[in-house]
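> Next comes the sequence, and after it the predicted model I'd like to discuss.
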Amino acid sequence: MPIKIPDKLPAKEILKRENIFVMDDSRAFHQDIRPLEIAIVNLMPLKEVTEVQLLRLLGNTPLQINITFLHMASHMSKNTAADHLSAFYHVFTDVQHKRFDGMIITGAPVEALPFEQVTYWQELTTVMAWSVSHVTSVLHICWAAQAGLYYHYGIPKYPLEKKMFGIFPHTKVRAFADADILRGFDDIFYVPHSRHTEVLSDDVDKNADLIVLSESKQSGLYMAASLDERRHIFVTGHSEYDPLTLKSEYERDIARGDDIEMPQCYFPENDSTQAPMVTWRSHANLLFSNWLNYCVYQETPYNL
């Protein structure tokens with residue numbers, strides 16, 4: 001949230017140069033406040049788990065937020081009860097007349113399929129097309145980042161020889177280190193990844209309408225954005241994951257006989273009987289608070 005200070009306080013210019021968000025009395029006097037309207041397109045199979053993960057991060061700010069959950073009407077969920085969807089979720093046709101300050105589109109376990117073969121692809125692209133004129137900022141996570149880059153900008157995805165699985169160090173791209181979405185990030189920060197495909201930074205760099213904001217030597221492209229650094233944010237990792245999410249995925253993959261390696265840099269001494277070491281929680285909170293503040297709150301109109 002901004003710091004409200006007197007109009008002519010000398011500290012104002014210093015704080016502005018340091019990229020501290022300040023608001024003088026004149027602007028504050030004319031500002032009206034209302035709750036932010038955020039839509040969450042939940043494509044994950046265990047929807048209730050993902051709800052908790054995202055709401056925990058969205059709720060860790062002083063902003064009042066109204067949440068609208070969406071699911072794909074063209075897909076029958078096997079892992080979330082129908083009565084839960086009926087009670088707490090909407091489909092796109094329920095909300096297509098509305099406008100939202102922000103939207104989050106989650107990952108989905110459909111990476112092995114070409115985008116066009118995903119059962120709900122047509123419905124999802126309808127939502128993404130609609131979001132351009134009805135949503136101030138869209139945060140795409142993991143598979144949704146790949147899907148969004150493909151739909152909006154024609155950026156392809158590529159299969160990996162083995163699953164990108166674990167906690168990896170990331171850095172900011174020097175040219176965009178001062179981007180608002182990266183404010184407060186350490187020089188090295190950690191993010192969970194769990195995916196079988198990737199998008200290449202080189203492909204994003206070649207597109208004049210996109211910028212690469214963060215990468216990892218081990219896991220590749222982490223964050224990209226539209227040129228305005230706000231309209232579209234693409235995050236290839238799972239910063240929202242709970243401490244035990246990768247452990248659960250690892251045990252699930254082993255149980256079904258997948259050829260899976262232990263998640264990297266996750267279990268102390270690579271001992272899966274030990275509790276995982278959490279190294280990404282502070283980054284996750286900062287990512288979501290930056291998105292809400294700089295990409296949504298400060299950009300969205302008062303009258304949606």
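Sure thing, it's come through.

> Tell me, please, where in the stretch 101-250 of the chain the pLDDT is lower than the cut-off.
Judged against pLDDT under 70, the stretch 101-250 of the chain has no low-scoring part.

> can you give me the strands for it?
For the stretch 101-250 of the chain, applying DSSP state E, counting those that start in this stretch gives strands covering 135-141, 158-172, 189-198, 210-216, 220-226, 232-235.

> Could I get the full set of helices for the chain?
Using DSSP state H, the helices found in the chain span residues 11-17, 25-29, 47-58, 82-88, 92-95, 121-134, 143-153, 201-205, 245-255, 281-290.

> Figure out which of the ones you listed is closest to residue 193.
helix 245-255 (9.1 Å; C-beta to C-beta). (C-beta placed from N, C-alpha, C; glycine too.)

> May I see the buried residues of that closest one?
245, 246, 247, 249, 250, 253 (16 or more other C-beta atoms under 10 Å).

> what about dumping the CA coordinates of that helix to CSV?
Output of helix 245-255 as CSV, limited to C-alpha atoms (Å, rounded to 0.1, in the frame of the first residue of the first chain):
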residue,chain,number,x,y,z
THR,A,245,3.1,-30.1,-2.5
LEU,A,246,6.2,-31.4,-4.4
LYS,A,247,6.4,-34.2,-1.9
SER,A,248,2.8,-35.2,-2.6
GLU,A,249,3.5,-35.1,-6.4
TYR,A,250,6.7,-37.1,-6.0
GLU,A,251,4.9,-39.8,-4.0
ARG,A,252,2.0,-39.8,-6.5
ASP,A,253,4.3,-40.3,-9.4
ILE,A,254,6.2,-43.1,-7.7
ALA,A,255,2.9,-44.8,-6.8
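
> And it, how far out from the chain middle?
Remark: helix 245-255 is offset 22 Å from the chain centroid, using C-alpha atoms, centre = their mean, to the nearest Å.

> that older thread, which one of the buried residues of helix 245-255 is nearest to residue 133?
Ranked by distance to residue 133 (C-beta to C-beta), those are led by residue 245 at 34.3 Å.

> My read is that the closest one contacts residue 239, right?
No: using C-beta atoms under 8 Å, residue 245 is not in contact with residue 239, being 11.2 Å away.

> Need the overlap of contacts for those two.
residue 192 (C-beta atoms under 8 Å, 6 or more residues apart in numbering).

> Switch the helices of the chain over to TSV; also include distance to residue 105.
Conversion of these to TSV gives the following (distance: least, C-beta to C-beta, whole Å):
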stretch	distance to residue 105
helix 11-17	33
helix 25-29	32
helix 47-58	11
helix 82-88	17
helix 92-95	12
helix 121-134	8
helix 143-153	4
helix 201-205	18
helix 245-255	18
helix 281-290	14
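
> which of these sits most buried?
helix 143-153 (a mean of 22; mean count of other C-beta atoms under 10 Å).

> Can I get that one as CSV, trimmed to CA atoms?
This file holds the C-alpha atoms of helix 143-153, laid out as CSV (Å, rounded to 0.1, in the frame of the first residue of the first chain):
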residue,chain,number,x,y,z
TRP,A,143,0.9,-24.3,-18.0
ALA,A,144,-1.3,-21.2,-18.2
ALA,A,145,1.8,-19.1,-18.8
GLN,A,146,2.7,-21.4,-21.7
ALA,A,147,-0.9,-21.3,-23.0
GLY,A,148,-1.1,-17.6,-22.7
LEU,A,149,2.2,-17.0,-24.5
TYR,A,150,1.0,-19.4,-27.3
TYR,A,151,-2.5,-17.9,-27.7
HIS,A,152,-1.6,-14.2,-27.4
TYR,A,153,1.8,-14.2,-29.0
